[in-house]
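Undergrad: Got a sequence here, can you model it:
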Amino acid sequence: MNFPDIAVIASGIVLIGFLAWFFFGPKKARQAELVGQVQQVQVLVKGGYAPNLIRVRQSVPLRIVFDRQEGGECTSRVVFPDFALSRLLPAMAKTTVEFTPDKSGRFGFACGMNMVHGTLVVEPASASDKAIAALPARPVTAASSNGGHAARPADAAKSEEAERNAEIADLTRRVIVGALLTAPVLSAAMSDGFLHLSWLPSLLLNRSASRTAALR
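TA: Here you go, the predicted model:
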């Protein structure tokens, strides 16, 4: 084993370790800030949720501002299945989602296609939280930051079509880039495999000669 082989193996081990840490390592939770009677946190939506681990308090009204900085269909909706909540997230806009987490535990939320995920950690209510919950509640709404109402059906259809086209274009670019990056590695692996198979013709000739000698 020469130095290039050792370097490739070491690089592969480092890359695998990094990917394992990135996807499965411990993540730091973002604590929602208490603003008046409401706890609030902002989440960036761009290829995922940032932060994707949010810590909140039970029985205190929660306001999550989703700042969606991408188009496409995948993250166009956010769903909180444990709280029976689903909201549309327009592209390149901030959308405020408000509800009161009335139970403690860990609850997942995801995009409409269930490909992008986040976790809401609801801590049990304390005495002060119960006091806040006992205060008169104001109406809870969920609207975009521009204060506009829901788009008309025609406008919504055009918006969804534009987002779908953007998603297709983005996936096409990703496939092309992935193919370009994979081609050199695949070519090298195939050529290396063919080089290692160079002994096959000589082996076949030797076997043929042996059989001819046996027949004689």
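Undergrad: C-terminal to the helix or strand containing V8, what's the next element?
TA: If you go by DSSP states H and E, V8 is part of helix 3-24. Scanning forward in sequence from helix 3-24 by DSSP H and E, the next helix or strand is strand 30-31.
Undergrad: What's the mean pLDDT across the helix or strand that that following strand is followed by?
TA: Per DSSP H and E, the first helix or strand lying C-terminal to strand 30-31 is strand 33-35. Averaging the model's pLDDT scores along strand 33-35 yields 91.
Undergrad: Sheet partners, orientation included, of strand 33-35?
TA: strand 38-45 (antiparallel) (DSSP bridges).
Undergrad: any residues touching the strand it pairs with, and which ones?
TA: 30-34, 49-51, 54, 56-57, 60-70, 75, 78, 89, 98, 116, 118 (Cβ atoms under 8 Å, 6 or more residues apart in numbering). Yep, even glycine has a C-beta here, placed from its N, CA and C like the rest.
Undergrad: please redo it, this time with the cut-off set to 7 Å
TA: Contacting residues not belonging to strand 38-45 are listed as 30, 32-33, 49-51, 54, 56-57, 60-70, 75, 89 [Cβ atoms under 7 Å, 6 or more residues apart in numbering].
Undergrad: Which SSE is immediately downstream of that strand?
TA: Heading C-terminal from strand 38-45, the first helix or strand you meet, by DSSP H and E, is strand 49-50.
Undergrad: ok so A179 is a helix residue?
TA: Yes. When DSSP: H, G, I helix; E, B strand; the rest coil is applied, A179 is found to be in a helix.
Undergrad: Any idea how many residues pack against A93?
TA: Residues within reach of A93, counting by other Cβ atoms under 10 Å, total 14.
Undergrad: who does it bridge with?
TA: For A93, the residues forming beta bridges with it (DSSP bridges) are R68.
Undergrad: Could you check the pLDDT of T119?
TA: The model's pLDDT for T119 equals 95.
Undergrad: Now it: which helix or strand?
TA: According to DSSP H and E, T119 maps onto strand 117-123.
Undergrad: What's the separation between the nearest residue to T75 once chain neighbours are set aside and R68?
TA: Among residues not flanking T75 along the chain, C111 sits closest, at 4.7 Å (Cβ to Cβ, 6 or more residues apart in numbering). As judged by Cβ to Cβ, to the nearest Å, C111 and R68 stand 10 Å apart.
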